[in-house]
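Trainee: Have a look at this fold, sequence not included:
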């Protein structure tokens, strides 16, 4: 598991570079073949290393949620960034403006007038307008304008205010909601263009439905996916990928076998997280498909053994996490099993960038 | 909320020092009055600042789970540390030995022969024996020997091996399991003493039952509690404390009100965490007792409004988290509202110390 290393202190996150690079290339090819620009969401890896690999493979740029993440990625040389978030407040707007001055292309989203007006005020004396996309709620029930009519109205407001320019439409769809995306976005785009406003980008996304992503005759121009780079148990369970496409493993040690059928590992919620993401159990124990990580405390994982499972104190186990994006946020570093061979420390550059 | 500060970028964690210090003093008094040494578990705050305050108030030392946490606390001048964990592996045992050389009192726990033998081997040439307590499973169903007889056997093994000394008994009880603790520990202690081995410490713990903690005629000598320093929604719901005893608040901003009855805040699972700890909803919105944080993504919290709740884009909300221990692990820094007035940055020194 850890060639060239005598011992790794556990719990630890291990990333297999070869698998990650294969995932990057495979989905880039899918997007290329289906007339889509790919804008990977860096929230999964949070690493400059993999953001660069995604851009090198053909990605148009990256997406992130927070200015702090974008700052880290800009420091790493990524110069086309979408921050897919409503940004508010003087401090953040000031940082956003600075970021705009040192990137080639910076865009954000907005779903309400307060945010749009704040962006305009912050950028009205900037050397270059900020691109603002209208976020649309096409069924995800999170942020987003609720109707195509509201999207048109907000696009008009953006295109008339100083300092900002209308950059297109963006949505974070419900899983399986591709038809709703197309319906909403087509109506909004037509409405906006009828007002004489160009709608150059329509950005959709989501790893669970990634293999169904296509441009639909040019309506959808861009796709944002994050998890596909490493994949995880949730995507295997949805049949989006196979176990061998999962690039990450949590390596843990059995520290106690207090009674028959129960083994305690040193990976708890501080690395696996309590994110069930709709699944049963807190991860997949590689080689023990019937073992169940039945409970977690911060520093303990409680494995309920399956038939035939035998764990001994000191055994190492490998776990495919339920949801990899939240795992990388727990750690300052991971181990990278290099494609070229050997191991190195992978810094998770944008970990904990909450603001 | 933030006196002396124009703006705090959200989401952020705010700690009210006056409340935390009052919590520290109040439970120290309870332990003093009930014949117990108090050994606070630093997993809740992870801060040298509050560990020092606990020791200054009369705590006998601290407890932690990981060597990395203990190292940080030793760096901060805390010199009596229990690491309440089975420690395995050459790397960790080497670090443990180094730690033993620079602390006044270091102890660990063990519940099996493999761990005990490893500790003995690592410390056999040390200048001072390592104190090892036997962890007992008194109903918590995590780690621990399963019977008092096994506790006796392990105590005997510890007391005969070089480099280590038997330090007593330790348990992490089930909530409400104080009677089971007393039964198990009394039997184990008597059995150990019948073998001519002194059993000087019997350590129990848990914030939920903290107000029932007492020495029971000297059988229980020490109590470990963590959450009491800040308290949280889970302890309010169990009636262990009141809302005004909660020292922590997550400060978030409403970034979108996409439809009636739904408000989106910028605090998601990267600060609130998905730890429900048996509750409904992901935190208590102060001043909005019927609002429910119904869903979380990494960067979004979805509030379902209660009757009469009106949220506007740009509003700040304050949230008492379900489980504060996992929240501090998400952040490198918090804001400290000083008892003496003013605000300062509180470094969460031991954040992310997984190993």
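Mentor: Cool, the structure landed. The shown structure was predicted, so the numbers you read here are calculated from the model rather than taken from an experiment.

Trainee: State the number of residues packed around residue A:310.
Mentor: When neighbours are defined as other Cβ atoms under 10 Å in any protein chain shown, residue A:310 has 9 of them. Quick note: C-beta positions are derived from backbone N, CA and C, even for glycine.

Trainee: now it, what's its secondary structure?
Mentor: What DSSP: H, G, I helix; E, B strand; the rest coil gives for residue A:310 is coil.

Trainee: Model confidence score at it, please.
Mentor: If you check residue A:310, the pLDDT there is 95.

Trainee: Could I get the phi/psi values of it?
Mentor: phi -130, psi 120 (degrees, to the nearest 10).

Trainee: and the stretch 251-355 of chain A, which residues reach chain B?
Mentor: Residues of the stretch 251-355 of chain A found near chain B (Cβ under 8 Å from any Cβ of the partner chain) are A:253, A:255-259, A:262, A:264, A:266, A:269-271, A:273-276, A:297-300, A:302, A:312-314, A:325-326, A:329-332, A:352, A:354-355.

Trainee: which residue sits closest to residue A:293, ignoring its sequence neighbours?
Mentor: Leaving aside its chain neighbours, residue A:293 sits nearest to residue A:282 (4.1 Å; criterion: Cβ to Cβ, 6 or more residues apart in numbering or on different chains).

Trainee: Just the buried subset of the residues of the stretch 251-355 of chain A next to chain B, please.
Mentor: When those are checked for burial by 16 or more other Cβ atoms under 10 Å in any protein chain shown, the buried set is A:253, A:255-258, A:262, A:264, A:266, A:269-271, A:273-275, A:297-300, A:302, A:313, A:325-326, A:329-331, A:352, A:354-355.

Trainee: Tell me where the stretch 201-350 of chain A has helices.
Mentor: Counting by DSSP state H, counting those that start in this stretch, the stretch 201-350 of chain A has these helices, from start to end: A:233-237, A:324-328.

Trainee: Can I get the ones you listed in TSV including mean pLDDT?
Mentor: Output for these, formatted as TSV (pLDDT from 0 to 100):
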stretch	mean pLDDT
helix A:233-237	98
helix A:324-328	98
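
Trainee: can you list those in a markdown table and add distance to residue A:77?
Mentor: A markdown table is the format used below for those (distance: least, Cβ to Cβ, whole Å):
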| stretch | distance to residue A:77 |
| --- | --- |
| helix A:233-237 | 29 |
| helix A:324-328 | 20 |
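
Trainee: winner for burial among those?
Mentor: Burial of the helices of the stretch 201-350 of chain A is given as mean neighbour count (mean count of other Cβ atoms under 10 Å in any protein chain shown); helix A:324-328 ranks first at a mean of 25.

Trainee: contacts for that one?
Mentor: For helix A:324-328, the surrounding residues in contact (Cβ atoms under 8 Å, 6 or more residues apart in numbering or on different chains) are A:13, A:43-47, A:226-227, A:230-232, A:248, A:250, A:271-273, A:275, A:321, A:334, A:348, A:351, B:269-270, B:274, B:298.

Trainee: Tell me, please, where in chain A the pLDDT is lower than the cut-off.
Mentor: A:1-7 (pLDDT under 70).

Trainee: Show me what the strand ranked longest in it is packed against.
Mentor: Ranked by residue count and defined by DSSP state E, the top strand of chain A is strand A:248-259. Helices and strands touching strand A:248-259, by 3 or more Cβ pairs under 8 Å, 6 or more residues apart in numbering or on different chains; DSSP states H and E, are strand A:12-16, strand A:262-265, strand A:316-320, helix A:324-328.

Trainee: partner strands of it, parallel or antiparallel?
Mentor: Sheet pairing for strand A:248-259, assigned by DSSP bridges, gives strand A:12-16 (antiparallel), strand A:262-265 (antiparallel), strand A:316-320 (antiparallel).

Trainee: Mean neighbour count, those strands: which tops it?
Mentor: strand A:262-265 (a mean of 26).

Trainee: Could you check how far it is from the centre of its chain?
Mentor: 31 Å (Cα atoms, centre = their mean, to the nearest Å).

Trainee: List the contacts of that strand.
Mentor: Taking Cβ under 8 Å, 6+ apart as the rule, strand A:262-265 contacts A:11, A:252-258, A:293, A:300-305, A:309, A:311, A:317, B:141-143.

Trainee: hmm, 7 Å instead?
Mentor: A:252-258, A:300-305, A:311, A:317, B:142-143 (Cβ atoms under 7 Å, 6 or more residues apart in numbering or on different chains).

Trainee: can you give me the end-to-end distance of stretch A:272-287?
Mentor: End-to-end distance for stretch A:272-287: 18 Å, by Cα to Cα, to the nearest Å.

Trainee: picking that back up, hmm, who's touching the longest strand of chain A?
Mentor: So strand A:248-259 is contacted by A:1, A:8, A:10-15, A:230, A:263-267, A:271-272, A:283, A:286, A:301, A:311-321, A:324, B:86, B:88-89, B:111-112, B:137, B:143-144, B:146 (Cβ under 7 Å, 6+ apart).

Trainee: picking that back up, out of the helices and strands packed on strand A:248-259, which gets nearest to residue A:150?
Mentor: helix A:324-328 (29.3 Å; Cβ to Cβ).

Trainee: need the helices for the stretch 51-200 of chain A, in chain order.
Mentor: All helices of the stretch 51-200 of chain A, identified by DSSP H, counting those that start in this stretch, fall at A:67-75, A:90-101, A:113-123, A:148-160, A:178-194.

Trainee: coming back round to it: which stretch among the helices and strands packed on strand A:248-259 comes nearest residue B:129?
Mentor: Comparing these by Cβ to Cβ, strand A:262-265 comes nearest, at 26.0 Å.

Trainee: one step back: show me what contacts the residue nearest to residue A:293?
Mentor: Shown in contact with residue A:282 (Cβ under 7 Å, 6+ apart): A:272, A:293, A:296, A:301, A:322.

Trainee: Show me which residues of the stretch 101-250 of chain A are close to chain B?
Mentor: Contact residues (Cβ under 7 Å from any Cβ of the partner chain) of the stretch 101-250 of chain A with chain B: A:111, A:112, A:114, A:115, A:137, A:142, A:143, A:144, A:146.

Trainee: My guess is the second one contacts residue B:312. True?
Mentor: No: under the criterion of Cβ atoms under 7 Å, residue A:112 lies out of contact with residue B:312, with a separation of 9.9 Å.

Trainee: re the thing from before, narrow the contacts of helix A:324-328 to those in strands?
Mentor: The strands, defined by DSSP E, take in A:13, A:248, A:250, A:334 from those.

Trainee: Tell me what the closest residue to residue A:250 other than its chain neighbours is bridged to.
Mentor: Using Cβ to Cβ, 6+ apart and skipping residues adjacent in sequence, the residue nearest residue A:250 is residue A:319, 4.3 Å away. Going by DSSP bridges, residue A:319 is paired in beta bridges with residue A:250, residue A:285.

Trainee: was I right about residue A:319 contacting residue A:287?
Mentor: No: using Cβ under 7 Å as the test, residue A:319 is too far from residue A:287 to be in contact (10.5 Å).

Trainee: Can you pull the residues that touch both of these two?
Mentor: Between them, residue A:319 and residue A:287 share no contacting residue, judged by Cβ under 7 Å, 6+ apart.

Trainee: distance of the residue nearest to residue A:250 from residue A:283?
Mentor: Using Cβ to Cβ, to the nearest Å, residue A:319 is found at 4 Å from residue A:283.

Trainee: Now do the shared contacts for the two.
Mentor: A:250, A:272.

Trainee: can you pull the contacts of residue A:27?
Mentor: A:38, A:210, A:225, A:228.

Trainee: Hmm, the first one is touching residue A:29, no?
Mentor: This means residue A:38. No: the pair residue A:38 / residue A:29 is not scored as a contact, 9.7 Å apart, by Cβ under 7 Å.

Trainee: more crowded one of those two?
Mentor: Between residue A:38 and residue A:29, residue A:38 has the larger neighbour count (other Cβ under 10 Å), namely 28 against 13.

Trainee: Just give the closest residue to that one, not the sequence neighbours.
Mentor: residue A:31 (4.1 Å).

Trainee: can you check residue A:22 too?
Mentor: residue A:245 (7.7 Å).

Trainee: Wait, the one you found touches residue A:231, no?
Mentor: Yes: the pair residue A:245 and residue A:231 passes the contact test of Cβ under 7 Å, sitting 4.9 Å apart.
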